[in-house]
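**Q** Any chance you could fold what I've pasted below:
(chains A, B and C)
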Amino acid sequence: MNNYLEDLNKDQRKAVLQLEGPSMVIAGAGSGKTRVLTYKIIHLLNNGINPQHILALTFTNKASKEMKERVERIVGGGKSKSLWMGTFHSVFSRILRSESEKIHFPYNFTIYDSSDSKSLLKSIIKELNLDKEIYKLGVIQNRISSLKNNFITPEGYKNHAELINTDLKAKRSEFGRIYFMYQQRCFRSGAMDFDDILIYTYKLLTESPETLFKYQTLFKYTLVDEYQDTNNIQYLIIKKLVAINENICVVGDDAQSIYSFRGANIQNILNFKVDYPNYKLYKLEQNYRSTQNIVKAANSIIKHNEKQIEKDVWTNNIDGEKIIVCETSSDNDEGRLVSNTIFDLQKNYNYKDFAILYRTNAQSRSLEESLRKLNIPYKIYGGLSFYQRKEIKDIISYFRLSINTNDDEALKRNINYPSRGIGTTTIQKLIIAANEKKVPIWQILNTLEENPIKINSGTKIKLENYINLIKTFISETKDKNAYESSEYIIKKSGIYTHLKSDNTPEGISRFENIQELLSGIRDFTDNNANVSLSEFMKDISLLTDADNEKEEDYNKVTLMTIHASKGLEFPYVFVVGMEEGLFPSMMSVNSQSELEEERRLFYVAITRAEKRLFLSYAKIRFKWGQYIDSDSSRFISEINENYIINKDFNKKKYKELNYNKIRKKPKLKFQQDNNPINNINLNLTEGQIVKHKIFGTGKILQLDGFGDNQKATVIFENIGQKKLLLKFAKLQIVK
DNA sequence: TCTTCATAGTTTTTT
DNA sequence: ACTATGAAGA
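**A** Modelled structure (predicted):
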């Protein structure tokens, strides 16, 4: 504990020791950026600073969780719990909740995730009778988000001739109206989208000087991680918050700025010296993570960018092996190459030492398939987070509505799920009435008598039943703890029986997810028996896949997008799909600045590797239902060739010797029982006789899908034909 | 009103 | 290949 400063090198220590005043740490990849941040917090605490006076903003929940744990390990005493540490969104939503009345929101405001926003936009576009070919959902959503990130409100838009002109040219004359309605509807529903959290924070700090002063004096020390990926509003918020004491330390690396599509602005790094002319600059240039070959290759790549801060990243580590670049004939071959290599190497290492990184989520499919064939356990980040799955969102919508009855999106989602005979016509009538009166749908439901809505008596009874159901949920969430009330809601809403009666493979899987949700809530209440459901719900929309890591996933190969890999490191890294049009992405090759961002993304990818790096590309890739020819990425030819070796996977050596041999006799020692992928029996064929625990003996008629989704249609002796998801069915082969 | 079947569009990255 | 949507039938 006393010697913690000795864990740091000279530059790191200098950065940590400066507690007062503005400072910026420009940290090359693998140079101990997180370590500096963590130790700076520790040093502050050691100098008697109260943890409540420290604001530390991170890029992901995971990063903040890990940093808290490291602080706790060294400082102890539960101090890390009192730190204001988290992502921008989580810290500011916490502040917004406690100041909610000042911005005229309920304390329990809902956070709309992007699918909620989409659904709201969709209904607005429909209500306005607009052509959805012209008003494309995704485009509208992105445009609204980028306006918000530039702090342009619907009112601001109205006065912005240039923006209006752009929309007129794109024949979207009604865009301003959509934006206005969207914002109004969110407000009426007591809901904020991701961007609103930042907007309202800024608004709060601007419009209420005493609130601003309160937080300016509360946060005596402010630290910001991944500063290169902050956007305009984040920049403005920080600037306001630190204006009194100017004890601000930002840490970042311009070479790793990869989120400009989301409004991140590298200029924030360059502006720092303008805003705080007396700032101190620290550069961390020694890389501790990677071999010489990897560090030098990364430097040779990033040199191709024009826009960058002078920096010379170096390492004392060994030269290591050269980077392997491999051409494969197809995406499936690429999958095989990677799986084979991992299969060979893991004899000496653990599965968790390997990561496979790709540009787009869609690329995971062929990789998963080949990993599964070799029984290599893997975990996959990205795509849908647990809380985004349909069945989970369905349940959560009841939770949301019970906590905030103004939440129209939640109401629309569950008013007829499970089906209770309230059809689209009725719902449409309710929505129209709500819009006419400018109130949430729930209020219309509660005043049916006073409203001239034409509904027949049968429907009315159904609606009344629904209202009463929700009312019991409301009182339940008030009186009981999170676990008790959530269990009550799941049962009484009818979802429990509805899913339980669904014996299709998908239905079984959904049912299991519900139970996982319940057990998650139970864990939550185990720590605090009196905690309410609304506490549990607070941050759910802000959670991502990475925040849901399970114990049994510890020792598995990691698959993720390069974006998701930021801040992580692995001994062995495979960057796949190094093809023109894929990486760099087709969308970015026409603009210099976007191409440079792709290059930074590649820089991030290769600097994740500690020991060895493998790059691969496929000559033919299956895309949009057809095969596409592609060339190797320009980024490969930009690497200084001293650090790479070209290999050709098409050579017989790889293909015959490794893959086929392994395929013929899969090794059994890697099969663990708790690993779902092993419940898939690789040797099933059509026509086989199998045995099921409950259904008895039967014959396989048909096999569909792959891996987790592999299904068998089986005709059982006693109960007839069933479709089973092999992941759960655990069939035994009789013959 | 609900279910089923056919068709169209989709893939860049995400708090 | 996979999901979301819409039309047609029950």
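**Q** low-confidence ranges in chain A?
**A** Scanning chain A for pLDDT under 70 picks out the ranges A:1-2, A:383-384, A:451-452, A:504-506, A:545-546, A:548, A:649-687, A:691-696, A:701-735.
**Q** In the helix or strand containing A:V274, which of the residues would be classed as buried?
**A** Element membership of A:V274, judged by DSSP states H and E, is helix A:267-275. Neighbour-count burial for helix A:267-275 flags A:N268, A:I269, A:F272, A:D275 (criterion: 16 or more other Cβ atoms under 10 Å). (Glycine included, C-beta is placed from N, CA and C.)
**Q** Tell me the helices and strands packed up against the next helix-or-strand element following that helix.
**A** Next helix or strand after helix A:267-275 toward the C-terminus (DSSP H and E): strand A:280-284. The contact analysis (3 or more Cβ pairs under 8 Å, 6 or more residues apart in numbering; DSSP states H and E) places strand A:280-284 against helix A:10-17, strand A:23-27.
**Q** Mind giving me the packing neighbours of the longest one?
**A** Counting by 3+ Cβ pairs under 8 Å, 6+ apart, the packing neighbours recorded for helix A:10-17 are helix A:33-46, strand A:280-284.
**Q** Endpoint to endpoint, stretch A:56-65 covers what distance?
**A** 12 Å (Cα to Cα, to the nearest Å).
**Q** Show me what the helix holding A:V274 is packed against.
**A** Using 3+ Cβ pairs under 8 Å, 6+ apart, the elements in contact with helix A:267-275 are strand A:23-27, helix A:232-241, strand A:248-252.
**Q** mind exporting that helix as PDB, just the C-alpha atoms?
**A** Extracted as PDB, the C-alpha positions of helix A:267-275 are listed here (Å, rounded to 0.1, in the frame of the first residue of the first chain):
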ATOM      1  CA  GLN A 267     -11.000  18.400 -31.400                       C
ATOM      2  CA  ASN A 268     -11.800  18.100 -27.700                       C
ATOM      3  CA  ILE A 269      -8.200  17.000 -27.100                       C
ATOM      4  CA  LEU A 270      -6.900  19.900 -29.100                       C
ATOM      5  CA  ASN A 271      -9.200  22.400 -27.400                       C
ATOM      6  CA  PHE A 272      -7.900  21.400 -24.000                       C
ATOM      7  CA  LYS A 273      -4.900  23.700 -24.200                       C
ATOM      8  CA  VAL A 274      -7.100  26.500 -25.300                       C
ATOM      9  CA  ASP A 275      -9.500  26.100 -22.400                       C
END
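**Q** Please tell me how far it is from the chain's geometric centre.
**A** Mean-position distance between helix A:267-275 and its chain equals 28 Å (Cα atoms, centre = their mean, to the nearest Å).
**Q** So out of everything in the stretch 101-250 of chain A, what residue is nearest DNA strand B?
**A** A:F194 (4.1 Å; Cβ to the nearest atom of the strand).
**Q** Which of the helices or strands spans the closest residue to that residue other than its chain neighbours?
**A** Among residues not flanking A:F194 along the chain, A:H89 sits closest, at 6.3 Å (Cβ to Cβ, 6 or more residues apart in numbering). Applying DSSP H and E as the criterion places A:H89 in helix A:88-98.
**Q** residues in contact with that helix?
**A** Helix A:88-98 is touched from outside by A:55, A:57, A:61, A:64, A:84-86, A:103, A:105, A:107-109, A:111, A:192, A:194, A:197-198, A:200-201, A:204, A:215, A:230, A:234, A:237, A:538-539, A:542, with contacts defined as Cβ atoms under 8 Å, 6 or more residues apart in numbering.
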